[in-house]
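A.B. asks: what's the 3D shape of this:
(one chain, ligands or ions: 1)
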Amino acid sequence: MHYYSTLNKNNKVGFREAVIEGLPGDNGLFMPSEISKLPSEFIQNLPDLPLQEIGFQVLNPFVNKEIPETTLRNIINKTLSFDFPLVEIDNNTFALELYHGPSYAFKDVGAKFLAQCLDYFYRDADEKCTILVATSGDTGGAVAAAFSETENIEVIILYPSGKVSDLQEKQLTTYEKNVTALEIAGDFDDCQRLVKSAFLDEELRKKIQISSANSINIARFLPQAIYYFVPFQIFGEEQSIAFSVPSGNYGNLTAGLIAQKMGLPISSFIASANRNDAVPRYLFSGNYEPKPTIPTISNAMDVGAPSNFQRMLDLYDKGHDKMKKAIKGYSFTDEQTLQIMQNVYKEFDYLLDPHGAVAYGGLKEYLKTANKNEIGVLLETAHPCKFMETVKKVSKEDIYPDSASQFLNKEKKSIKMTADYNDFRSLLLKKSN
Ligand SMILES: N[C@@H](CCOP(=O)(O)O)C(=O)O
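C.D. replies: Okay, the predicted model is just below:
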């Protein structure tokens, strides 16, 4: 078991190195060389197993003994320390709420796991590690929360100025100590480009030890496979279940594909996108033509050129037909998204956030053609309180958890920067001295 680069299968590293390096120096992404099937008895017994045990069985083969078992179990128990409720919206549609963690988004799972793995690897290190993160909204807050207590690790978060919600911005600009927020004059793809340029900059990498906390890092995206098991804990393996995944950088959907490859009997995937629809267009036409990012009300999915598309191609041996059979793609405008939020609230008294609404739209399209016995689960990836400007148009309910309100009263601390790589590089070098 090793990790290879999607651009060069001979570029091989172990788990520790893949996590510490974040991404290979050749601009590819690390992929596990083996995705072993879980024993069929394990899949049959899912309703009797606690999620922490499932998490351990899922991640253990990928960690490949590079973290001792007791430590790994401990890390997984701390990672999965909040609830993942499956809420019925109507008779064949369920929302898997992934937002009950510290930053109110699904990213808490991967961020917590990654932070603890790095903390373990750097426990006695003399040098510091600098984590670079590009965010379109949710990753930044989750990473800031997860790394706020780690020793020997600095975090630098790049976010597009004026393109994240108020709460998202406060969640990533109000942790002090080891977390710095850079407010970039550009969009998410500019932020991601700056981060990737740093990884390709050999001179810089000789001077600073950098890693990533985006889903490009295997320890950020692999744990996201775990919550796909939750609906099967409830309904058992016989139930046919399709998942609709609100998709931006496609880490979440790719993690679901890994769970399926491990033997989880997921019947279908729905890639639900906003107007940043490079993948649904590819599924339709076979041509991958990323476009500049379009700002939308489901801003965490405002990604023009999704990183994990490389991993999806790798999983399907670049076969468009195979991918198209396994994944259906739909996209929605902001008007449609808001309409879905209003309809679902009125008809079923369920408040979706804009990302969940896009996923609901995709799921309903898919279910029109699906087998009658199939049920659909949408991943509700973020709490509606993160998008109050839009949510206010749907409901007047006070939905703010107390713990979220505390962020709004804090003072934002960010460094404004251009999207020019040289400026970013100089800042990194200055900070490391
Ligand atoms: N949706 C993201 C964009 C980055 O995605 P990631 O899963 O690769 O970290 C965000 O909210 O920042």
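A.B. asks: how about the residues of the protein by the ligand?
C.D. replies: 135-140, 214-215, 248-249, 251, 300, 303, 307 (Cβ under 6 Å from any ligand atom). For the C-beta atoms, the positions are set from N, CA and C on the backbone; glycine is no exception.
A.B. asks: out of those residues, who's nearest residue 388?
C.D. replies: residue 137 (13.3 Å; Cβ to Cβ).
A.B. asks: can you pull the contacts of the closest one?
C.D. replies: Residue 137 makes contact with 159, 163-165, 168, 299-300, 302, 386 under the criterion Cβ atoms under 8 Å, 6 or more residues apart in numbering.
A.B. asks: need those residues in JSON lines with neighbour count and pLDDT, can you?
C.D. replies: Shown next, in JSON lines, are those (neighbours: other Cβ atoms under 10 Å; pLDDT from 0 to 100):
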{"residue": "159", "neighbour count": "26", "pLDDT": "98"}
{"residue": "163", "neighbour count": "20", "pLDDT": "95"}
{"residue": "164", "neighbour count": "26", "pLDDT": "96"}
{"residue": "165", "neighbour count": "22", "pLDDT": "94"}
{"residue": "168", "neighbour count": "27", "pLDDT": "96"}
{"residue": "299", "neighbour count": "26", "pLDDT": "95"}
{"residue": "300", "neighbour count": "30", "pLDDT": "95"}
{"residue": "302", "neighbour count": "23", "pLDDT": "95"}
{"residue": "386", "neighbour count": "28", "pLDDT": "95"}
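A.B. asks: check the burial of the nearest residue to residue 381 once chain neighbours are set aside by counting its neighbours.
C.D. replies: Excluding the flanking residues, the one nearest residue 381 by Cβ to Cβ, 6 or more residues apart in numbering is residue 106, at 4.5 Å. Residue 106 has 30 neighbouring residues, counting by other Cβ atoms under 10 Å.
A.B. asks: one step back: let's have the contacts of residue 137 in JSON lines, adding secondary structure.
C.D. replies: Shown next, in JSON lines, are the contacts of residue 137 (DSSP: H, G, I helix; E, B strand; the rest coil):
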{"residue": "159", "secondary structure": "strand"}
{"residue": "163", "secondary structure": "coil"}
{"residue": "164", "secondary structure": "coil"}
{"residue": "165", "secondary structure": "coil"}
{"residue": "168", "secondary structure": "helix"}
{"residue": "299", "secondary structure": "helix"}
{"residue": "300", "secondary structure": "helix"}
{"residue": "302", "secondary structure": "coil"}
{"residue": "386", "secondary structure": "helix"}
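A.B. asks: wait, which of the residues you listed is closest to residue 58?
C.D. replies: Of all these, residue 300 has the smallest distance to residue 58: 24.3 Å, by Cβ to Cβ.
A.B. asks: what's near enough to touch that closest one?
C.D. replies: 105, 136-139, 168, 248, 355, 381-382.
A.B. asks: now the helices for the stretch 251-400 of the chain?
C.D. replies: Here the stretch 251-400 of the chain has its helices, by DSSP state H, counting those that start in this stretch, at 251-261, 278-285, 309-315, 320-326, 334-348, 354-367, 388-391.
A.B. asks: now the stretch 251-400 of the chain against the ligand: closest residue?
C.D. replies: Nearest to the ligand in the stretch 251-400 of the chain, going by Cβ to the nearest ligand atom, is residue 300, at a distance of 3.5 Å.
A.B. asks: so for stretch 396-412, mean pLDDT?
C.D. replies: Stretch 396-412 carries an average pLDDT of 89.
A.B. asks: quick one: residue 60 and residue 226, what's the gap?
C.D. replies: Residue 60 sits at a distance of 12 Å from residue 226 (criterion: Cβ to Cβ, to the nearest Å).
A.B. asks: whoops, residue 135 was the one
C.D. replies: The spacing between residue 135 and residue 226, counted by Cβ to Cβ, is 22 Å.
A.B. asks: same check, this time on residue 318
C.D. replies: On the measure of Cβ to Cβ, residue 318 and residue 226 end up 28 Å apart.
A.B. asks: all good on my end, thank you.
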